[in-house]
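*Asks:* return atomic coordinates for the entry below.
(2 chains)
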There are 2 protein chains.
Amino acid sequence: MRAVFLAAGEGKRLRPYFNRPKPLVPLLGLSLIERNILSLRECGIKEFVVITGCYADAIEEYLGNGDKLGVEIKYLHNERWALGNGVTAYTFHQEYRPGEKFILMMSDHIFGLDLLKNFIAAAQKIKEDEILIAADRRLEKVYDLDECTKIKAERDYALKLGKKLGDFNAVDCGLFIATGALLDALSQAISRGDYTLTDGVNILAGSGRAKLHFVNDFWVDVDDQAGYRHCEKMLLQSLVPAKDGFISHHLNRRFSLRITRYLARTGITPNQVTVISFLIAVAAAFCFALGKNICGGLLAQLSSIIDGVDGEIARLKFQKSNYGGFIDSILDRYADFLIVIGITYAWYTVKTNSPVVLMVAAAALTGMPMSMLFKEKYHALTGKPFLPEQYDGIFRYLPANRDGRLFVIMWGGIFNLLPAALVILAVAAHCQTFIRLYQARRMV
Amino acid sequence: MRAVFLAAGEGKRLRPYFNRPKPLVPLLGLSLIERNILSLRECGIKEFVVITGCYADAIEEYLGNGDKLGVEIKYLHNERWALGNGVTAYTFHQEYRPGEKFILMMSDHIFGLDLLKNFIAAAQKIKEDEILIAADRRLEKVYDLDECTKIKAERDYALKLGKKLGDFNAVDCGLFIATGALLDALSQAISRGDYTLTDGVNILAGSGRAKLHFVNDFWVDVDDQAGYRHCEKMLLQSLVPAKDGFISHHLNRRFSLRITRYLARTGITPNQVTVISFLIAVAAAFCFALGKNICGGLLAQLSSIIDGVDGEIARLKFQKSNYGGFIDSILDRYADFLIVIGITYAWYTVKTNSPVVLMVAAAALTGMPMSMLFKEKYHALTGKPFLPEQYDGIFRYLPANRDGRLFVIMWGGIFNLLPAALVILAVAAHCQTFIRLYQARRMV
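*Replies:* Numbering: from 1, shown residues only, chains lettered A, B, ... in the order given. You can find the predicted model right below:
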């Protein structure tokens, strides 16, 4: 399936802040249209048609033929863009292949990845003379409802659309699966002097051919400064993965998302962040070995926070790689080991010389990798990631995942109670392993 | 698709050894027909029709309605079984559903699981008036060629079949995808006094409707004492998994398969074997701690060998479970940790008191889980198991997988060189991790 972007408008309201065409406005490290192209690429779409108007040259120069994004981009130009977006959309009739279904998308609306995936999967539900409209009936959640195109819906068909509609129960998200029927309707609307996309869609709605797909994920029309901020917020929130542990989910992400928001604008890669997080952990281990416990504790927790940033940047900028996942998890293990060894060194060599210390250290060293071992084995056996927050039940509060362990170590460092932290860590890790092994009976 | 078993014959040649109908002869813990049913169940077949003759009651009583095997079994009886297996096969016409394709199988032939899976997948290649015959053209590998039904093949069609055929280039494995065309042909053959299955198949071969599927995996006609032994050997060989390490593949399996051959006849479960292997490793750890190094070394290696038996029994008797996989890998890690701790205890506390020992122990404890971590992460990320023998290249000789580690520990125990063994183990484990991390760039 091909995707067609409407990128012809003037984008007046954002222009003063960015001094460039709206589709090219940078948001968390990618321009709006780049993010849409990469999102659709994740859904398997490889061929794009961008319909330009006002700033045709700037857009074409920026995106090129799509090679650098790993897709194919063609351009159509609409001289009469100022008339309305219906005329722009209709320009696609020059490229249309008979019988084809295509995605039609505003280049300045941003959509959650799940929304796009579900919507595209629904494309098969419509007939050849229908269109599918992504619609949102969660009106209380819709951002800037005033500016939206409203829909009067009955079941999953639109009866009428319009910006000024008084009686409505959904809004149009600016995302369609279209067919030749839409181009015909647009042609009809244009010939009678109605130039917006909504005019064309209304012709289909009037004859019961505008089907609705109700969305559940976020989408934002990046129309002004406030919409831009809202979009940034929604995108950042979408980066928190379901497999987070308790501390990570409720504490670390508050900080890591801010760091990601800042770093996204730079060229730093996820793997570079992984290495930085590792080096901070190594510094923490040295601090502990030298008796600088508060400093060590804070660095350990900082490393734990930064450990979330690599994945966030990778998801945000479509830079995910299996290899990055490998490096991250192997370096995390070494970081953990070094921290425990640093703590043990200070405790045993400098202070007590008691064999109990060695037993606690051995228990901690052997317990720590078990959490990841269990989760990866679960993933390998079942094909699904292990979600501690869901599957561990009441035991999700055990500080036995990495976020929990480093959190305990931070407090151990701050209050000069590292031996106690090590004991907690060892006990929690082995307890968690046995509890999970017991619970796995029901789960696999 | 349904599967039809021919289980009507007298099985004279095996009778003296087992005193029961041939389909019920036990082989590595399962009767022949049970193994065939469970193998097909692994391929997704759930409905079975067993055509009995000579020992109808014994077979029906043994298998019942299939509940205990998780399948559905119906029975047909052929009074005139003594005439020939064509008459038995034709009995299925009573149950035949028009248009249906069905698997037709000798109940006393045993097939490798891959052979069955590939053959069943090929069922779609034949037309409604054809049959598909599993044929073997690796004549040098065929067991007891004299007794086989030979095939004169041209490309992938049979021209003629027969036990006494002089000019042949393949043999019939006793496994078919049949259609109504076979039942018609059998009826025709029987009406002219030809009572074997081959007679019916020859009618189809004569009109170019007997298509061949050439097999690559093992199959055995369990016809006499020698065939029985051969089948046992082939089944045991098929249990060696591709993900074995070097020592496991080339040494441990020689012993573990013998143990499995013996234990398969008992009611011992894979999980019980897992626990036994773990307990032997714990005993090894205690021996090391008490300075009984030779005993500890031998027990460690024994535990490593038994560690292969659980999986072998599980695959052999169709008792594989994800939960078993979990228990096995978690207990293996604890076994490894305890062995290293036992060795360290004796070395440090009893002998040297040197901090170098603690460093070596820490390096060993932290290095050991990395091999499994890497492999499970690889499996989770790529969906495929990591195969050390294939992927590690020249580094597959590093004793860093579990089989290699315990092998080194055995020799360390025997020659009283456990400190050296621990150093080798620690160095090998961390080296392997870094080498794999480097190589993973190309692999994922």
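*Asks:* centre of the chain to stretch A:38-45, how far?
*Replies:* Stretch A:38-45 sits 13 Å away from the centroid of its parent chain (CA atoms, centre = their mean, to the nearest Å).
*Asks:* show the average pLDDT along it.
*Replies:* For stretch A:38-45, mean pLDDT rounds to 96.
*Asks:* pretty sure A:Leu338 is touching A:Val282, no?
*Replies:* Yes - look at A:Leu338 against A:Val282 with CB atoms under 8 Å: they come within range, at 5.8 Å. The way it works is simple: take the backbone N, C-alpha and C, and place the C-beta from them, glycine included.
*Asks:* hang on, A:Cys173 in a helix?
*Replies:* No - under DSSP: H, G, I helix; E, B strand; the rest coil, A:Cys173 falls outside any helix and is assigned strand.
*Asks:* need the contact list for it.
*Replies:* The contact partners of A:Cys173, taken as CB atoms under 8 Å, 6 or more residues apart in numbering or on different chains, are A:His109, A:Phe111, A:Leu115, A:Ile133, A:Ala134, A:Ala135, A:Asp136, A:Val215, A:Trp219.
*Asks:* swap in 6 Å and give it another go.
*Replies:* By CB atoms under 6 Å, 6 or more residues apart in numbering or on different chains, the contact set of A:Cys173 is A:Ala134, A:Asp136, A:Trp219.
*Asks:* for the closest residue to A:Asp224 other than its chain neighbours, give its distance to A:Gly86.
*Replies:* Distance criterion CB to CB, 6 or more residues apart in numbering or on different chains; nearest residue to A:Asp224, sequence neighbours excluded, is A:Arg13 at 4.4 Å. Shown here: A:Arg13 relative to A:Gly86, a distance of 21 Å by CB to CB, to the nearest Å.
*Asks:* mind checking the SS state of A:Leu104?
*Replies:* strand.
*Asks:* who's in contact with the host helix or strand of A:Gly311?
*Replies:* Element membership of A:Gly311, judged by DSSP states H and E, is helix A:293-316. When contacts are defined by CB under 6 Å, 6+ apart, helix A:293-316 is touched by residues A:28, A:239, A:252, A:255-256, A:259-260, A:264, A:270, A:273-274, A:277, A:280-281, A:283-284, A:287-288, A:320, A:339, A:403, A:406, A:409-410, A:413-414, A:416.
*Asks:* return the set of buried residues in the lengthiest helix in chain A.
*Replies:* Across chain A, the longest stretch assigned as helix under DSSP state H is helix A:355-382. Within helix A:355-382, the residues scored as buried using 16 or more other CB atoms under 10 Å in any protein chain shown are A:357-358, A:360-381.
*Asks:* relative orientation of that helix and helix B:355-382 in degrees?
*Replies:* 10 degrees (axes from the mean of the first three to the mean of the last three CA atoms, to 10 degrees).
*Asks:* and helix A:355-382, what's its mean pLDDT?
*Replies:* 92.
*Asks:* hmm, it in reach of chain B?
*Replies:* Yes - judged by CB under 6 Å from any CB of the partner chain, helix A:355-382 comes into contact with chain B at A:Ala362, A:Leu365, A:Thr366, A:Pro369, A:Leu373, A:Glu376, A:Lys377, A:His379, A:Ala380, A:Leu381.
*Asks:* surely A:Gly53 meets A:Glu79?
*Replies:* No - taking CB atoms under 6 Å as the definition, A:Gly53 is not a contact partner of A:Glu79, at 7.7 Å.
*Asks:* the more surrounded of the two?
*Replies:* For A:Gly53 versus A:Glu79, the count of surrounding residues by other CB atoms under 10 Å in any protein chain shown is larger for A:Gly53: 24 against 11.
*Asks:* tell me the confidence at the more buried one?
*Replies:* 91.
*Asks:* go on, A:Gln188?
*Replies:* 95.
*Asks:* give me the neighbour count for it.
*Replies:* The burial count for A:Gln188: 13, using other CB under 10 Å.
*Asks:* just to be sure, it is in a helix?
*Replies:* Yes - A:Gln188 forms part of a helix when assessed by three-state DSSP.
*Asks:* skipping adjacent residues, who's closest to it in space?
*Replies:* A:Ile203 (5.9 Å).
*Asks:* and the one you found, what helix or strand is that in?
*Replies:* Going by DSSP H and E, A:Ile203 is in helix A:197-206.
*Asks:* what is that helix packed up against?
*Replies:* helix A:85-90, strand A:157-162, helix A:180-191 (3 or more CB pairs under 6 Å, 6 or more residues apart in numbering or on different chains; DSSP states H and E).
*Asks:* give the buried residues for it.
*Replies:* Under 16+ other CB under 10 Å, the buried positions of helix A:197-206 are A:Leu197, A:Thr198, A:Asp199, A:Gly200, A:Val201, A:Asn202, A:Ile203, A:Leu204, A:Ala205.
*Asks:* ok, now how distant is A:Ile259 from chain B?
*Replies:* The gap separating A:Ile259 from chain B is 25 Å, by CB to the nearest CB, to the nearest Å.
*Asks:* do you know how far the residue nearest to that residue when sequence neighbours are not counted is from chain B?
*Replies:* In space, and not counting its chain neighbours, A:Ile259 is closest to A:Val309: 5.2 Å by CB to CB, 6+ apart. According to CB to the nearest CB, A:Val309 and chain B sit 20 Å apart.
*Asks:* residues near A:Val309, how many?
*Replies:* Neighbour count for A:Val309, taken as other CB under 10 Å: 27.
*Asks:* strands of chain A, residue ranges please.
*Replies:* Applying DSSP state E to chain A gives strands spanning A:2-7, A:26-27, A:30-31, A:47-52, A:72-77, A:102-106, A:109-111, A:131-136, A:149-154, A:157-162, A:170-178, A:210-214, A:219-221.
*Asks:* could you list the residues in contact with the helix or strand of chain A with the lowest mean pLDDT?
*Replies:* Across the helices and strands of chain A, the lowest-confidence element by mean pLDDT, DSSP states H and E is helix A:15-18, at a mean of 76. Residues from elsewhere that reach helix A:15-18 (CB under 6 Å, 6+ apart): A:Val25, A:Gln225.
*Asks:* switch to 8 Å and redo it
*Replies:* A:Lys22, A:Val25, A:Pro26, A:Gln225, A:Tyr228.
*Asks:* on that earlier part again, neighbour count: A:Arg13 and A:Gly86, which is higher?
*Replies:* A:Gly86 (22 against 15).
*Asks:* and the gap between the more buried one and A:His93?
*Replies:* A:Gly86 is 12 Å from A:His93, where distance means CB to CB.
*Asks:* right, I'll leave it there.
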